[in-house]
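# Structure, please.
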Amino acid sequence: MPKINGNEIRPGNILEHNGGLWAAVKVDHVKPGKGGAFAQVELKNLRNGSKLNERFRSADKVERVRLEQRDQQFLFETDGMLTFMDSETYDQIALPADLLGERRPFLQDGMTVQIEYYGEEALNVSLPQKVTCKIVETEPVVKGQTAANSFKPATLDNGVRVMVPPFVGQDEDIVVNTETMEYSERA
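The predicted structure is shown next:
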């Protein structure tokens, strides 16, 4: 594993720290008036989701971990476990549904996702950035409402509520950004 200095930590880096795997969420470089500079790093544990704030001086060495990313296809869900299949080796893996959190409704049958592995341990599931969904319920268009940049609530076919522009109607397909969970464009 490559070791990096404490001041080289960037958001998104995966670090091995205190015997656990942590993702750097936020990094602030601080130069106090007295004493040496340090990086104030907000870490998130990849195994249990706990958070930690840690200070790293430039002389501190931390191990940076590289995770292997594999494309896998979603097959089905049973008893809160999601089953994925490796498209090259056809190996199947079952992961807990809460790994996706609030993005779970956007997972569709046959969708290809990216799973990050540390050795043989699956740590994270990344959905495609944009997913197409159908609007099942929204308010009708009101004439003259398009003058201001306004949005109206809409319910998607997966049960998620998003805000959409007034010109988007019921039974239309829209593209939703899975990272921000917001309307992106018409499909």
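
# Please make it C-alpha for all contacts and neighbour counts, starting now.
Will do.

# looking at the protein, which residue lies furthest from center?
Distance from the C-alpha centroid of the chain peaks at K34, with 38.4 Å (Cα atoms, centre = their mean).

# Tell me how far that one lies from F84.
K34 sits 53 Å away from F84, going by Cα to Cα, to the nearest Å.

# So which residues make contact with the lowest-mean-pLDDT helix or strand in the chain?
The weakest-scoring helix or strand in the chain, judged by mean pLDDT, DSSP states H and E, is strand 121-126 (a mean of 86). Strand 121-126 is contacted from outside by L46, R47, L95, L99, L100, V113, Q114, I115, E116, Y117, using Cα atoms under 8 Å, 6 or more residues apart in numbering.

# now swap in stretch 20-27 and tell me
Against stretch 20-27 from outside (Cα under 8 Å, 6+ apart): 9-16, 39-47.

# helices or strands up against the host helix or strand of F76?
Assigned by DSSP states H and E, F76 belongs to strand 68-78. In terms of contacts (3 or more Cα pairs under 8 Å, 6 or more residues apart in numbering; DSSP states H and E), strand 68-78 is packed against strand 81-86, strand 112-118.

# can you list the ones you listed in TSV and add mean neighbour count?
Formatted as TSV, the helices and strands packed on strand 68-78 follow (neighbours: other Cα atoms under 10 Å):
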stretch	mean neighbour count
strand 81-86	18
strand 112-118	18
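
# that older thread, got the CA positions of the least confident helix or strand of the chain in CSV?
Extracted C-alpha coordinates of strand 121-126, given in CSV (Å, rounded to 0.1, in the frame of the first residue of the first chain):
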residue,chain,number,x,y,z
GLU,A,121,-15.0,-7.6,0.5
ALA,A,122,-17.6,-5.5,-1.2
LEU,A,123,-17.8,-2.1,0.4
ASN,A,124,-19.8,0.3,-1.8
VAL,A,125,-22.4,0.2,-4.6
SER,A,126,-22.5,3.1,-7.1
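
# Now do it and strand 112-118, the angle between them.
Put simply, strand 121-126 runs at 150 degrees to strand 112-118, going by axes from the mean of the first three to the mean of the last three Cα atoms, to 10 degrees.

# from here on, count from 36
Understood, numbering begins at 36; the last thing we discussed is strand 156-161.

# I'd like the distance between E103 and V199.
Computed with Cα to Cα, the distance linking E103 and V199 is 36 Å.

# Looking at those two, which one has more neighbours?
Just comparing E103 and V199: by other Cα atoms under 10 Å the higher neighbour count belongs to V199, 23 against 13.
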